[in-house]
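J.: sequence and predicted structure, then a few things I'm wondering about:
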Number of protein chains: 2
Amino acid sequence: MKERRAHARWKGELETGKGIIELSSINFKTNYNFQSRFEEGTYTNPEELISAAISACFSMALSKIISAEGYDPEEISTTAGTTLVKEGDGHKISKIELRTRVTAPSISEDLIKKLADTAKDNCPVSKALTGVDIQLTSVELA
Amino acid sequence: MKERRAHARWKGELETGKGIIELSSINFKTNYNFQSRFEEGTYTNPEELISAAISACFSMALSKIISAEGYDPEEISTTAGTTLVKEGDGHKISKIELRTRVTAPSISEDLIKKLADTAKDNCPVSKALTGVDIQLTSVELA
């Protein structure tokens, strides 16, 4: 059992306040604010971090599954896009789209699509994000 | 509607492979691997990114809710801990614990606990993570 901690600090009101996000494992701090989340800004936001978490989890899971099928998972390159929409007075994460490109010699297109679908459904981050529609939009062989 | 993208690349098999996670908004790249996720390592991992996302989302949401009640959200400092456990052949995120410390002059302990509970249940990242038991372990007034 592993607990992974991160920290955020927010100062001030929603639209004018300032936030800091900290990943202690790598001693990394970065800013966030209202503009970078709900408008356009130069900082990160929670949805980008969700995209990072699921693209990392999915890619690792797909590597494991490709190996289990007897193929060599040379490279798995995945982009995740998390969509935030307005809902009533607040916001909602409505969907996450995954696009992946795989280098695994000799594997067929049909098989890699099936395996990518399994990774999408079963990686721990996907299983945590059950409130969101997670779509595998594109699976390509390099 | 905003789509926030991030990218991950994994090279090689699960236990010996190497991963890179990229947050394009801030031009940030960082490594991850099997050891940093399932054992102990010096890199980050998807669960730490989930902790970062929810601590940032929760803190921002609580600021909004405190303002709506007529108080001044001077500072909200939140640590999230995401727990990964073994489950069968794989792993599962079993729970997320939130611990927050709030500076909001004149607010009562009872009210801040109630508002923190509302933020925990309603911030967009919480509503996405419905597959996980999210607990508000500690709410303190500074």
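T.: Perfect, I can see it now.
J.: A:W10: what secondary structure?
T.: Recorded secondary structure, A:W10: strand (DSSP: H, G, I helix; E, B strand; the rest coil).
J.: now it, nearest residue through space, not along the chain?
T.: Excluding the flanking residues, the one nearest A:W10 by C-beta to C-beta, 6 or more residues apart in numbering or on different chains is B:S59, at 3.9 Å. C-beta: built from backbone N, CA, C; applies to glycine.
J.: for that neighbour, pull up the helix or strand it's in.
T.: According to DSSP states H and E, B:S59 maps onto helix B:46-68.
J.: buried sites along that helix?
T.: Within helix B:46-68, the residues that qualify as buried are B:46-67, counting by 16 or more other C-beta atoms under 10 Å in any protein chain shown.
J.: same question for stretch A:10-24.
T.: A:W10, A:K11, A:G12, A:L14, A:G17, A:G19, A:I20, A:I21, A:E22, A:L23, A:S24.
J.: tell me which of those residues fall in strands.
T.: Using DSSP state E to define strands, the subset of those located there is A:W10, A:K11, A:G19, A:I20, A:I21, A:E22, A:L23.
J.: quick one: the helices in chain A?
T.: For chain A, the helices defined by DSSP state H occupy A:34-38, A:46-68, A:109-122, A:124-128.
J.: domain assignment for chain A?
T.: Domains of chain A are assigned by automatic domain parsing as A:6-38, A:46-141.
J.: starting at the chain centroid, how far to the shortest one?
T.: Meaning domain A:6-38. 18 Å (C-alpha atoms, centre = their mean, to the nearest Å).
J.: tell me the span between the first and last residue of that domain.
T.: 22 Å (C-alpha to C-alpha, to the nearest Å).
J.: average pLDDT for that domain?
T.: The average pLDDT within domain A:6-38 is 97.
J.: partner residues bridging A:V139?
T.: A:T100 (DSSP bridges).
J.: no wait, A:E22
T.: When assigned by DSSP bridges, A:E22 has beta-bridge partners A:H7, A:K29.
J.: run through the residues that contact it.
T.: A:A6, A:H7, A:A8, A:R9, A:F28, A:K29, B:A52 (C-beta atoms under 8 Å, 6 or more residues apart in numbering or on different chains).
J.: A:L141 too?
T.: Per C-beta under 8 Å, 6+ apart, neighbours of A:L141: A:R101, A:V102, A:T103, A:A104, A:I107, A:E109, A:I112.
J.: I figured the last one hits A:V102, correct?
T.: It refers to A:I112. Yes: under the criterion of C-beta atoms under 8 Å, A:I112 makes contact with A:V102 at 5.5 Å.
J.: which residues are common contacts for these two?
T.: A:I66, A:V139, A:L141.
J.: ok, those residues vs B:N122, which is closest?
T.: Nearest to B:N122, judged by C-beta to C-beta, of those is A:V139 at 34.4 Å.
J.: who's more crowded, A:I112 and A:V102?
T.: With neighbours defined as other C-beta atoms under 10 Å in any protein chain shown, A:I112 and A:V102 compare such that A:V102 has more, 25 against 22.
J.: which pLDDT value goes with the residue nearest to A:W10?
T.: Here the pLDDT value assigned to B:S59 is 98.
J.: what's the answer for A:G41, then?
T.: On the pLDDT scale, A:G41 is placed at 88.
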